[in-house]
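In: compute the structure for the input listed below.
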Amino acid sequence: PRMADRVSSLGDSLSGVENLIGRSPAMLQLKDQIRQIAGSTSTVLVTGESGTGKEVVAKAIHYGGPRAKAPLVTINCAAIPEQLLESELFGHARGAFTGATSNRKGRFAQADGGTLFLDEIGDMPLALQAKILRCIQEKAIEPVGSNTTQKVDVRIIAATNQNLLEAIEKGKFRRDLYYRLNVYPIIMPSLRERKEDIPLLAEHFALRAAGEMGKVPVTFTEAALEILKNHTWPGNIRELENCIERLTIIASGTAITPERLA
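Out: Take a look at the predicted model:
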């Protein structure tokens, strides 16, 4: 291969772009966007339905960029109770609250020099949104129960399945934080918008599920693939993956026909 080809394929293998499976126009555009943004340290806001692969995109941006050797730290803002979220993000000083027996590093400090992926940012409580905004503006954090600030150099990638503009109108999301996060927007295509990728994804998941279970992969008849392509997939890639996993459990080594999908 020509040197240029070798370099680009090497770049892809490090960046995780190859973890984004698909050749549809929507996916090619997404991969181009990731390559454009990965080289910078700009803040990225990834929006899209649940199960579209927002975390895969965050990884591809981080590992394709100048911070690839530094940590990528993830926090799901919806999965952590509000009273714990602040100390998870910013850390806490010893004695800050009952049970805080030592100083604890938060996710911002853990991600220093690297990338912090704030998943489900739309679920973050308003009081914390103000603190995140200040932290982004001042590039510094204040651990809970501490009166000293500490400098942090963190690239932020945020993701949400909510319509943040609607949330702003309802008073549930800060407009100023939205503009801080939405420096480079990436909109994830739903599976319905890239039906032509479904056969590739189905094959990929069939091989992966079989490998993990020590079984023979399932294959698909043309008629079965048509059914998969025309399903609405409200849960997107995650739903397709679960479907193929289930088929692997019950029909390992066989060709999947439309009856199996009924």
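In: and the most centrally placed residue in the chain, what's its pLDDT?
Out: Taking C-alpha atoms, centre = their mean, the centroid of the chain lies closest to E55, which sits 1.5 Å from it. pLDDT for E55: 93.
In: could we number from 896 for the rest of this?
Out: Shifting the count to begin at 896 puts that one at E950.
In: list the contacts of it.
Out: By C-beta atoms under 8 Å, 6 or more residues apart in numbering, the residues touching E950 are T969, F1012, D1014, A1054. Every residue, glycine included, has its C-beta placed from N, CA and C.
In: redo those as TSV? Include neighbour count, secondary structure and distance to L980.
Out: Below are those laid out as TSV (neighbours: other C-beta atoms under 10 Å; DSSP: H, G, I helix; E, B strand; the rest coil; distance: C-beta to C-beta, whole Å):
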residue	neighbour count	secondary structure	distance to L980
T969	16	strand	14
F1012	26	strand	15
D1014	21	strand	12
A1054	26	strand	16
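In: and the two most separated of those?
Out: Farthest pair in the contacts of E950 (C-beta to C-beta) is T969 and A1054. Separation: 9.7 Å.
In: which residues do these two both contact?
Out: Residues touching both T969 and A1054 (C-beta under 8 Å, 6+ apart): E950, A953, F1012, D1014.
In: so which of those residues comes closest to L1135?
Out: Closest to L1135 out of the shared contacts of T969 and A1054 is E950 (16.2 Å), distances taken as C-beta to C-beta.
In: can you tell me how far the closest one sits from Q1005?
Out: Using C-beta to C-beta, to the nearest Å, E950 is found at 17 Å from Q1005.
In: check I1081 too.
Out: For I1081, the distance to Q1005 (C-beta to C-beta) stands at 24 Å.
In: who has more neighbours out of those two?
Out: Neighbours per residue, other C-beta atoms under 10 Å: of I1081 and Q1005, the larger number sits with I1081, 20 against 15.
In: neighbouring strands - and their directions - for the host helix or strand of the more buried one?
Out: In this assignment (DSSP states H and E), I1081 forms part of strand 1079-1082. Partner strands and pairing direction for strand 1079-1082 (DSSP bridges) are strand 939-942 (parallel).
In: list the contacts of the partner strand.
Out: 932, 949, 952-953, 956, 1016, 1051-1056, 1058-1059, 1076-1083.
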